[in-house]
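Asker: Only the shape, not the letters, is given here:
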């Protein structure tokens, strides 16, 4: 029973870290998109391009993190009690 509690605790901690990382990445995407929308006319073409590249990079990170989280859940299913 103790081993199961430790495994659940470790999984919960890993999911919390993953969720935090995903939320942070999504916040960066949203912030960059809001900057583009609100300040488009004030930004140079280079600044717009840089923000778009950051959005693409953060989206790729979020996608990879979500994929890893789902694969992790699928590979170690919890036992229903």
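Answerer: Ah, there it is. Keep in mind that this is a model prediction, so the values were computed, not measured.
Asker: Once you drop chain neighbours, what's closest to the residue nearest to the spatial centre of the chain?
Answerer: For the chain, residue 22 is the residue whose C-alpha lies nearest the centre (Cα atoms, centre = their mean; 1.9 Å). In space, and not counting its chain neighbours, residue 22 is closest to residue 65: 5.2 Å by Cβ to Cβ, 6 or more residues apart in numbering. Where C-beta positions appear, they are placed from N, C-alpha and C, glycine not excepted.
Asker: Find the helix or strand that the one you found is a member of.
Answerer: helix 45-75 (DSSP states H and E).
Asker: cool, and residue 30?
Answerer: helix 2-39.
Asker: what is the orientation angle of the worst-scoring helix or strand of the chain on mean pLDDT with helix 45-75?
Answerer: Among the helical and strand segments of the chain, the one scoring lowest on mean pLDDT, DSSP states H and E is helix 2-39, with a mean of 84. Counting by axes from the mean of the first three to the mean of the last three Cα atoms, to 10 degrees, helix 2-39 points 160 degrees away from the direction of helix 45-75.
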